[in-house]
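S.K.: Need a 3D model of the sequence below.
(4 chains)
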Protein chains: 2
Amino acid sequence: MAARQGRAASVKDVAATAGVSLGTVSNVLNRPDRVSAATRERVERAMATLGFVRNESARQLRAGSSRTLAYVMLDAKNPFFTDVAQGIETAAEAASLSLVLCNSGHRAAREQAHLVLLQQQRVQGILVTPVDPDAPDLVEVRRRGTPLVIVDRTRADATFCSVAVDDVLGGRLALEHLIDRGHRRVAFIGGPATLGQVNDRLQGAREAWAAAGRPVEDLVVLGTEALVVDEGRSAGQRLAGLPARRRPTAAFCANDLLALGLLQQAISAGIRVPEELAIVGYDDIEFAGAAAVPLTSVRQPRQELGRTAAELVLAEAAHPGHSHQQILFTPELVARASTQA
Amino acid sequence: MAARQGRAASVKDVAATAGVSLGTVSNVLNRPDRVSAATRERVERAMATLGFVRNESARQLRAGSSRTLAYVMLDAKNPFFTDVAQGIETAAEAASLSLVLCNSGHRAAREQAHLVLLQQQRVQGILVTPVDPDAPDLVEVRRRGTPLVIVDRTRADATFCSVAVDDVLGGRLALEHLIDRGHRRVAFIGGPATLGQVNDRLQGAREAWAAAGRPVEDLVVLGTEALVVDEGRSAGQRLAGLPARRRPTAAFCANDLLALGLLQQAISAGIRVPEELAIVGYDDIEFAGAAAVPLTSVRQPRQELGRTAAELVLAEAAHPGHSHQQILFTPELVARASTQA
DNA sequence: TTGTAGGCGTTATCAA
DNA sequence: TTGATAACGCCTACAA
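M.R.: Numbering: from 1, shown residues only, chains lettered A, B, ... in the order given. Next comes the predicted model:
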């Protein structure tokens, strides 16, 4: 058994069973070339029989810092964030750091608990998609010495590095696409308005609409309680309830879940998509292309977002005095059947 | 600034600036009642100004074990596993442990690397959905002293605790449902056959079919390369290509992604669901209910799976000599529009 | 109530 | 090539 009376085997135990000194064991581990082949083999055999595993806490204590990066996700069940995480992992792997994932699930208290834990673990850097990007907690993290980068949000004051996607531009792209296809009456579906992303997308939509010289009242805004499928469905019902001449021929949804709900409602009500109702979503989640009518959507460069964030946090770790950058990525419209007959 | 010449503030630094001894600082941290209010406040102020953060490595080194549990996921992008993770998190939180998530992404080497790291970190226990449940690596983990429980898989020899769902039963439930609804010719869609889960579901389907006295040849098996949307689509094309009198009136797909692909293909080919083709999926992923035609599916108790696995690993940590249990959960059929006219 | 000392496991330096 | 030793930061007896 590996554990001798409850505690795992240590270098000392290995040294004892191999009949060498503790320093020699350490050399086998860290500079094997300094050890003669014979002793090395004896030590390695001892390690195998004892089931020796290096104690990372002790290493880290000695080294003063860990070899890990952390990402505190806003919602582990949202594919958007898992894609971002994958991008981070790529960069972490390249820097031979390991990545630990934490999930706040939209709960500020949980996020804070994770942040404390991660600082205590002396991670090299923290990436976080915060519940509230303007929370003062984040400043405290950096003051205490851990580099921190904000992902998919931006802070009003520019006191942090951050990477995000230009949601205003995304909204503009969506509407320009619909305008190009000849729609003269369009619905924006999304909410609550307190979400920065929703607002930005709506603002972009309005800008494009105005730029095309269309009257404001022809861009109908339907609010939702949340960005979920159900709300898309009920928005669809409200849409269907409008008098025919006021009814939009196209809808731009603030995310794909809303769009899928809307699509489902339309299909079950016998409304043809895109002939009678064109739909544009946002996020281009995996299921967007797999929907009954494949969904046109605004795609964000998710993996790249993560990769870049990881690089920023490493840069900050290397040069603590560096100046903070707010990087804004450009979204891209992916046209599919839901907007073209 | 927190860091004095690169290194973070330690209890010693706090003691120095507060003008007390190191032991007193430790007491403020761990038994505040033993410290007079006045000194405590002085110490706390010192901590605040220095930006003191406990060093978890040092604590852990002294304590001999960490307060964390780990889950090595097979695929972080699959909602099934994130649900399982959420169940684990619930149990971890209840035991006031924190959970770290790792992702193997179906890569054995990556899984192994994670396992090594986690052992080095002296996590209290490891939960893993392994790339290969019969791999010998897993035995080595336990031999080296870290409790390990297998999630959503079972090992041929019963040398580990494991929690999984009865896939044979799941297959049976799906077919019984279709038989109940009068279908006399049914397709099973799924593959590759090397996946244990696929085989089990097919076996269950066959059992139910035989039990209903239906001829073997009326259960048509359509193989797929993988359990993804695209494969479901192409299976749908093969299905449509069958001569009308040989064409099944219902399909049981080995997972929901296949079912969504099949549904999409059917809708675009103008086949009515469920009137001309009934569809049953498996997993009941979030989008199953949000599909164009809401999908009947076999649901697995995902969160409960995770919760139970966490409890098992904690039990094993508490009683290293305990006997291993293979827990098999019961799936449940969720009937929706895709099978009822 | 506060201070002192020893040790957790690892690594690196220095001496043999 | 190998061995002895000190140090990383924290916690807890035990002593004052």
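
S.K.: For DNA strand C, tell me whether stretch A:61-77 is touching it.
M.R.: Yes - residues of stretch A:61-77 contacting DNA strand C under Cβ under 7 Å from any atom of the strand: A:Leu61, A:Arg62, A:Ala63. Where you see a C-beta, it was placed from the backbone N, CA and C, and this is true even at glycine.

S.K.: Pull out the buried positions in the helix or strand bottoming out on mean pLDDT in chain A.
M.R.: Taking mean pLDDT, DSSP states H and E as the measure, the helix or strand of chain A with the lowest value is strand A:98-103, at a mean of 90. Buried residues in strand A:98-103, counting neighbours by 16 or more other Cβ atoms under 10 Å in any protein chain shown, are found at A:Ser98, A:Leu99, A:Val100, A:Leu101, A:Cys102, A:Asn103.

S.K.: For the stretch 101-250 of chain A, which residue gets nearest to DNA strand D?
M.R.: Using Cβ to the nearest atom of the strand, the single residue of the stretch 101-250 of chain A nearest to DNA strand D is A:Gln120, 8.5 Å away.

S.K.: Okay, strands next: where are they in the stretch 201-341 of chain A?
M.R.: When secondary structure is read from DSSP state E, counting those that start in this stretch, the stretch 201-341 of chain A shows strands at A:219-223, A:250-253, A:278-283, A:296-299, A:326-329, A:332-334.

S.K.: Now that we have those strands, can you turn them into a markdown table and tack on distance to DNA strand D, mean neighbour count and mean pLDDT?
M.R.: Shown next, in a markdown table, are the strands of the stretch 201-341 of chain A (distance: least, Cβ to the nearest atom of the strand, whole Å; neighbours: other Cβ atoms under 10 Å in any protein chain shown; pLDDT from 0 to 100):
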| stretch | distance to DNA strand D | mean neighbour count | mean pLDDT |
| --- | --- | --- | --- |
| strand A:219-223 | 49 | 17 | 97 |
| strand A:250-253 | 50 | 30 | 98 |
| strand A:278-283 | 42 | 29 | 97 |
| strand A:296-299 | 45 | 26 | 98 |
| strand A:326-329 | 33 | 15 | 97 |
| strand A:332-334 | 47 | 16 | 97 |
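
S.K.: circling back: next helix or strand past the least confident helix or strand of chain A?
M.R.: helix A:108-120 (DSSP states H and E).

S.K.: one step back: go through the residues of stretch A:61-77 next to DNA strand C and name the one nearest chain B.
M.R.: A:Leu61 (4.4 Å; Cβ to the nearest Cβ).

S.K.: elements contacting the helix or strand encompassing the closest one?
M.R.: In this structure, A:Leu61 is located in helix A:56-63 according to DSSP H and E. Judged by 3 or more Cβ pairs under 8 Å, 6 or more residues apart in numbering or on different chains; DSSP states H and E, helix A:56-63 is in contact with helix B:56-63, helix B:108-120.

S.K.: can you pick the most crowded of the residues of stretch A:61-77 next to DNA strand C?
M.R.: Of all those, the highest neighbour tally under other Cβ atoms under 10 Å in any protein chain shown goes to A:Leu61, namely 18 neighbours.

S.K.: That residue contacts B:Leu61, doesn't it?
M.R.: Yes - with contact defined as Cβ atoms under 8 Å, A:Leu61 counts as touching B:Leu61 (5.6 Å).

S.K.: tell me, what's touching these two both at once?
M.R.: Counting by Cβ atoms under 8 Å, 6 or more residues apart in numbering or on different chains, A:Leu61 and B:Leu61 have no shared contacts at all.

S.K.: secondary structure class for the closest residue to DNA strand C within the stretch 101-250 of chain A?
M.R.: Of all residues in the stretch 101-250 of chain A, A:Arg122 sits closest to DNA strand C, at 13.7 Å by Cβ to the nearest atom of the strand. State at A:Arg122, reduced to three classes by DSSP: H, G, I helix; E, B strand; the rest coil: coil.

S.K.: Over to the one 4 residues further on?
M.R.: A:Ile126 carries the three-state label strand when classified by three-state DSSP.

S.K.: Ramachandran coordinates for the spatially closest residue to it that is not a sequence neighbour?
M.R.: Among residues not flanking A:Ile126 along the chain, A:Leu148 sits closest, at 4.7 Å (Cβ to Cβ, 6 or more residues apart in numbering or on different chains). Backbone dihedrals for A:Leu148, given as degrees, to the nearest 10, come out at phi -140, psi 130.

S.K.: Am I right that A:Leu148 is in contact with A:Arg142?
M.R.: Yes - with contact defined as Cβ under 8 Å, A:Leu148 counts as touching A:Arg142 (5.3 Å).

S.K.: From DNA strand D, how far off is A:Ser26?
M.R.: 7 Å (Cβ to the nearest atom of the strand, to the nearest Å).

S.K.: Please name the nearest non-neighbouring residue to A:Val141.
M.R.: Spatial nearest neighbour of A:Val141, excluding adjacent residues (Cβ to Cβ, 6+ apart): A:Leu148 at 5.1 Å.

S.K.: give the contact list for the spatially most central residue of chain A.
M.R.: What sits nearest the mean C-alpha location of chain A, by Cα atoms, centre = their mean, is A:Phe81, with 3.2 Å. With contacts defined as Cβ under 8 Å, 6+ apart, the neighbours of A:Phe81 are A:Met73, A:Leu74, A:Asp75, A:Thr129, A:Asp152.

S.K.: farthest pair in those residues?
M.R.: A:Asp75 and A:Asp152 (11.0 Å; Cβ to Cβ).

S.K.: who's more crowded, the two?
M.R.: A:Asp152 (26 against 15).

S.K.: Is it correct that the more buried one is in contact with A:Asp167?
M.R.: No - contact between A:Asp152 and A:Asp167 fails when scored by Cβ under 8 Å: they sit 10.0 Å apart.

S.K.: can I assume A:Gly23 sits in a helix?
M.R.: Yes - assessed with three-state DSSP, A:Gly23 lies in a helix.

S.K.: tally of neighbours for it?
M.R.: Close neighbours of A:Gly23, defined as other Cβ under 10 Å, add up to 10.

S.K.: now do A:Asp157
M.R.: 9.

S.K.: part of a helix, is it?
M.R.: No - under three-state DSSP, A:Asp157 falls outside any helix and is assigned coil.

S.K.: and it, what does it touch?
M.R.: Counting by Cβ under 8 Å, 6+ apart, the residues that A:Asp157 touches are A:Asp134.

S.K.: Look up how far A:Ile150 lies from it.
M.R.: Relative to A:Ile150, A:Asp157 is positioned 12 Å away (Cβ to Cβ, to the nearest Å).

S.K.: ditto for A:Leu239
M.R.: From A:Leu239 to A:Ile150 the distance is 35 Å (Cβ to Cβ).

S.K.: which of those two has more neighbours?
M.R.: Comparing A:Leu239 with A:Ile150 by neighbour count (other Cβ under 10 Å), the higher total belongs to A:Ile150, at 24 against 21.

S.K.: Backbone torsions only: list them for A:Leu69.
M.R.: Here A:Leu69 shows phi and psi, under degrees, to the nearest 10, equal to phi -120, psi 150.

S.K.: burial count for it?
M.R.: Counted with other Cβ under 10 Å, A:Leu69 comes out at 26.

S.K.: Show the pLDDT at it.
M.R.: With respect to pLDDT, A:Leu69 has a value of 95.

S.K.: likewise the one 5 residues further on?
M.R.: At A:Leu74 the predicted local distance difference test score is 95.

S.K.: residues touching it, list them.
M.R.: Going by Cβ under 8 Å, 6+ apart, A:Leu74 touches A:Phe81, A:Ser104, A:Gly105, A:His106, A:Thr129, A:Pro130, A:Val131, A:Asp152.
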